[in-house]
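**Student:** structure for this input, please:
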Amino acid sequence: MSEKIIQIPVNELLESLKDGYIEYKKALGDNADADDLGHIKGFCVTIEKILSAYGGVTSATMMEIKRPIIGEISLRRKKRIKKSTKEVDYEIPTFFRK
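**Tutor:** The predicted model follows:
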């Protein structure tokens, strides 16, 4: 049984992705704060993942759209460097440590 449960409007999502890249570029030029940039990045990455997983769109196709607008800027989250557990004072409740 290979029925498609979900139908993805690939062309519409590609256009939305392009709009997201344009919005990100404009926000960078307007010196938007990190929260605004984070929301735009999250939108773009989500659309990219949907297109990749369900729409059959390759990353090369998405890069063809992305490169002319924002170049090679990565919109993915940066990996956090894990803090050493030696530096953590477990006598302090978690909600105060954050």
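
**Student:** identify the residues contacting the closest residue to residue 57 other than its chain neighbours.
**Tutor:** Using Cβ to Cβ, 6 or more residues apart in numbering and skipping the chain neighbours, the partner closest in space to residue 57 is residue 51 (4.0 Å). Glycine gets a C-beta too; all of them are placed from N, C-alpha and C. Residue 51 makes contact with 8, 10, 13-14, 17, 57, 62 under the criterion Cβ atoms under 8 Å, 6 or more residues apart in numbering.

**Student:** residue 36 too?
**Tutor:** residue 27.

**Student:** that one and residue 93: what is the separation?
**Tutor:** 32 Å (Cβ to Cβ, to the nearest Å).

**Student:** got it, and residue 63?
**Tutor:** As defined by Cβ to Cβ, residue 63 lies at a distance of 46 Å from residue 93.

**Student:** per-residue pLDDT of residue 95, please?
**Tutor:** With respect to pLDDT, residue 95 scores 71.

**Student:** actually residue 90, sorry about that
**Tutor:** Confidence for residue 90, expressed as pLDDT, is 73.

**Student:** which one's more surrounded, residue 63 and residue 93?
**Tutor:** Neighbour count, other Cβ atoms under 10 Å: between residue 63 and residue 93, residue 63 has more, with 11 against 8.
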